[in-house]
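Enquirer: When you get a sec, could you give me coordinates for this:
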Amino acid sequence: MREYPLTVWELAERYYSPLCVEVDSAGKVCQLWGDAERYGYTELALGVELVDVAPELHGFEFEAGESEHLWPFLMTPAGVSAHCCIKKNEQGYLVIWFAAQQEYAEKQQIQQIANDVRILEYRRQQLLTELQAVQKRLSEAG
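Expert: Numbers count the residues shown, from 1 in each chain. Got it, this is the predicted structure:
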């Protein structure tokens, strides 16, 4: 694994709290780095099958040699929204979770604004239709 300067790792740790797990080709944990409890993976330990601890990863075929996968905004057992990346390496796979709480909150806020805009546009169309009907009645009456 490539070594990054300590400052890069410190920034990643501060903002994204990465949890890195190396598994063999059968999906058993060989090494791990980071705070598994923060994500709710309290039973994560060497030798356990990763999908037994992180059932949301069921469906990824470790044994089939799948090379890589990304799950954006995966909700972990502790309720942490995270991006989960799986990448094949020489020993098996690296599985990395990156906390995405702030990004998730921002995405929800943007979706709420978009919904509000759609509702306002719908209401504007209703009012315009009503106005046109009133104008038509006034012109017919006048």
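
Enquirer: which secondary structure elements does the longest helix seen in the chain contact?
Expert: Longest helix in the chain, counting residues (DSSP state H): helix 101-141. Helices and strands touching helix 101-141, as assessed by 3 or more Cβ pairs under 8 Å, 6 or more residues apart in numbering; DSSP states H and E, comprise strand 68-75, strand 81-88. C-betas here are computed from N, CA, C, even on glycine.

Enquirer: let's go with 10 Å and repeat that
Expert: helix 6-16, strand 68-75, strand 81-88 (3 or more Cβ pairs under 10 Å, 6 or more residues apart in numbering; DSSP states H and E).

Enquirer: Pick the most buried one from the ones you listed.
Expert: Per residue and on average, the most neighbours among these fall to strand 81-88, with a mean of 18 (mean count of other Cβ atoms under 10 Å).

Enquirer: So if we follow the domain assignment, how does the chain break up?
Expert: For the chain, automatic domain parsing gives the domain ranges 6-99, 106-142.
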